[in-house]
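Q: Fold the following for me, if possible:
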Amino acid sequence: MESWRVDPLAYFKRFDVNSDGKLSADELMPALQSLGFDPTKDDVKKLMDAADNDGDGMIEYESEEFVALLDELDDEPLDKVLEAFKFLDKNGDGQISADELRQLVTKFGSPMSEADADKLIAIADQNGDGFIDYAEFVEMQNMSTVLI
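A: So this is what the prediction gives:
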């Protein structure tokens with residue numbers, strides 16, 4: 001759990017649609033996708049089977065099942081989003097400056113226009129501090145396909 005840059009409990013609770021304190025397979029799928037994983041239904045079933053200690057088909061937050069789920073996720077290879085964030089986070093402080101991100105997206109790969117880069121950064125920097133933290137970066141990755 002030390003590898004998480006956000007509070008995993010708070011993060012996954014956002015996907016608990018019916019607020020019952022448990023994650024179903026249907027709720028887990030979009031949570032994993034938002035983290036940069038591309039799981040199949042079979043992948044989600046395997047994760048659920050590995051973490052669901054009581055066999056009810058749900059992962060309870062207030063039990064060892066949630067810890068088991070996080071352990072299973074940590075066993076997976078680092079996802080592309082986390083790798084990209086770590087690459088951009090040169091000093092390892094858990095954030096990327098908006099200026100560095102602007103330079104990257106306008107000069108490398110398939111360059112964005114300055115206007116599109118500004119839109120992306122405005123969306124990504126949700127708290128307006130001039131930096132993109134990991135949670136904001138994940139959200140930006142989800143939104144970037146909409147803007148491109």
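
Q: which residues of this structure fall in helices?
A: Secondary structure of the chain by DSSP state H: the helices cover 8-13, 25-34, 41-51, 64-75, 80-88, 98-107, 114-124, 134-147.

Q: Which one of those has the poorest average confidence?
A: Among those, helix 134-147 carries the lowest mean pLDDT, at a mean of 63.

Q: Tell me who's in contact with Asn91.
A: The contact partners of Asn91, by C-beta atoms under 8 Å, 6 or more residues apart in numbering, come to none. To be clear about C-beta, it is placed using only N, CA and C from the backbone, and glycine gets the same treatment.

Q: How many residues are close by Val105?
A: Val105 has 22 neighbours, counted by other C-beta atoms under 10 Å.

Q: Is it in contact with Leu120, as I believe?
A: Yes: Val105 lies in contact with Leu120 (C-beta atoms under 8 Å); the separation is 6.6 Å.

Q: shared neighbours of the two, which are they?
A: Met112.

Q: gap between the most centrally placed residue in the chain and Glu83?
A: For the chain, the residue nearest the mean C-alpha position is Leu35 (2.6 Å; C-alpha atoms, centre = their mean). Leu35 is 12 Å from Glu83, where distance means C-beta to C-beta, to the nearest Å.

Q: about what we covered before: I am assuming the residue nearest to the centre of the chain contacts Val138, so please confirm or correct that.
A: Yes: using C-beta under 8 Å, Leu35 is in contact with Val138, at 6.3 Å.

Q: out of everything not next to it in sequence, what's closest to Phe85?
A: Of all residues not flanking Phe85 in the chain, Phe137 sits nearest, at 5.0 Å (C-beta to C-beta, 6 or more residues apart in numbering).

Q: wait, what's in contact with the one you found?
A: Val81, Ala84, Phe85, Ile96, Ala124.

Q: The last one: neighbouring residues, count only.
A: A count of nearby residues for Ala124, using other C-beta under 10 Å, gives 21.

Q: roughly how far apart are the nearest residue to it once chain neighbours are set aside and Tyr61?
A: Of all residues not flanking Ala124 in the chain, Met140 sits nearest, at 3.6 Å (C-beta to C-beta, 6+ apart). Distance, Met140 to Tyr61, by C-beta to C-beta: 26 Å.
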